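Enquirer: sequence and predicted structure are below.
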Amino acid sequence: MAPGPTPLEFLALVADPRRWRLLTELGRSDRRVGELAGLVGEAPNLVSYHLAALRAAGLVTSRRSSADGRDSYYRFDPARCRELLDATGIALHPALARPSGAAAPRSRRKPRILFLCTGNSARSQMAEAMLDARSDHGVVARSAGSRPKPLHPDAVIVMADRGIDISDRRSKHLDRFVHSDFDRVITLCDRVREVCPDFPGHPVTAHWSMPDPSAEPDGMAAFERAADEIDARVALLVATLDAPPTPDERNPS
């Protein structure tokens, strides 16, 4: 692996207002280049240039869309950003080392979160259970699919390995929730994002572009990767649940 940016190089990288805006948008949701260009008001080729710089530093990753293989979704890597921020603080002064984080404050009202994918057989079920566990039951988490199919046994196994039992869960069609109020609706499948209905109350929406582990060639290893990625994303979600949504989140493009 190539060496990462020095603290000064990292600060210069994120100090560019266009790159800062790109990271902010990707922190809310995975996006395609065309979407990012519209959000930040820049030409797609310029957005691609800045994304390449962010990718070189490991702050952004990408993967091909499962809905349209000609396009790619870009994702912000908060763990890498935290690593570089920590290194920058320590380089300036050892006293700036990040202390152990305290638990996020609990809202008076439990946030309501809906996770969607196509089959509701793995990714969205894992996200629902992971969020419930990681928030210590401090949220109302639900999941559904556009074409439900039975819960995948490998999803049950990888979650059990993490101390979470989902063996008694059942798949549900997203139509069951179209009249329900949610604070956030998160799609985990590129295909379901294209058919996601509007929900009442204008919930905050986000997209986590994740491959279907059941369609990957390496079986259980794909489910392990999916569980690890969902766990990391859920940890970031829990940290933001008590923060009020920004106007851009309430009115996504």
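Expert: Perfect, I can see it now.

Enquirer: and the helices in this protein, which stretches?
Expert: In the chain, the helices defined using DSSP state H lie at 7-15, 17-28, 33-40, 44-56, 78-92, 123-134, 153-161, 190-195, 220-240, 247-250.

Enquirer: most packed of those?
Expert: Comparing these by mean neighbour count (mean count of other CB atoms under 10 Å), helix 123-134 ranks first with a mean of 25. C-beta here means a position set from N, CA and C on the backbone, and glycine is covered the same way.

Enquirer: other SSEs contacting that helix?
Expert: If you count contacts as 3 or more CB pairs under 8 Å, 6 or more residues apart in numbering; DSSP states H and E, helix 123-134 packs onto strand 112-117, strand 140-145, helix 153-161, helix 220-240.

Enquirer: could you redo the last one with a cut-off of 6 Å?
Expert: strand 112-117, strand 140-145, helix 220-240 (3 or more CB pairs under 6 Å, 6 or more residues apart in numbering; DSSP states H and E).

Enquirer: next one: the closest residue to residue 27 other than its chain neighbours from residue 30, what distance?
Expert: Closest residue to residue 27 apart from its sequence neighbours, by CB to CB, 6 or more residues apart in numbering: residue 76 at 4.8 Å. As defined by CB to CB, to the nearest Å, residue 76 lies at a distance of 8 Å from residue 30.

Enquirer: repeat for residue 39
Expert: Applying CB to CB to residue 39 and residue 30 gives a distance of 13 Å.

Enquirer: on that earlier part again, columns distance to residue 173 and mean pLDDT on top of the helices and strands packed on helix 123-134, output as TSV?
Expert: As requested, the helices and strands packed on helix 123-134 are arranged in TSV below (distance: least, CB to CB, whole Å; pLDDT from 0 to 100):
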stretch	distance to residue 173	mean pLDDT
strand 112-117	10	97
strand 140-145	6	96
helix 220-240	21	93
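
Enquirer: so which of the ones you listed is nearest residue 84?
Expert: helix 220-240 (15.9 Å; CB to CB).

Enquirer: got the angle for the closest one vs strand 140-145?
Expert: Taking axes from the mean of the first three to the mean of the last three CA atoms, to 10 degrees, helix 220-240 and strand 140-145 form an angle of 140 degrees between their directions.

Enquirer: helices or strands up against helix 220-240?
Expert: Contacts defined by 3+ CB pairs under 6 Å, 6+ apart place helix 220-240 against helix 123-134, helix 153-161.

Enquirer: redo those as JSON lines? Include mean pLDDT and distance to residue 233.
Expert: Converted to JSON lines, these look like this (pLDDT from 0 to 100; distance: least, CB to CB, whole Å):
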{"stretch": "helix 123-134", "mean pLDDT": "96", "distance to residue 233": "8"}
{"stretch": "helix 153-161", "mean pLDDT": "97", "distance to residue 233": "15"}
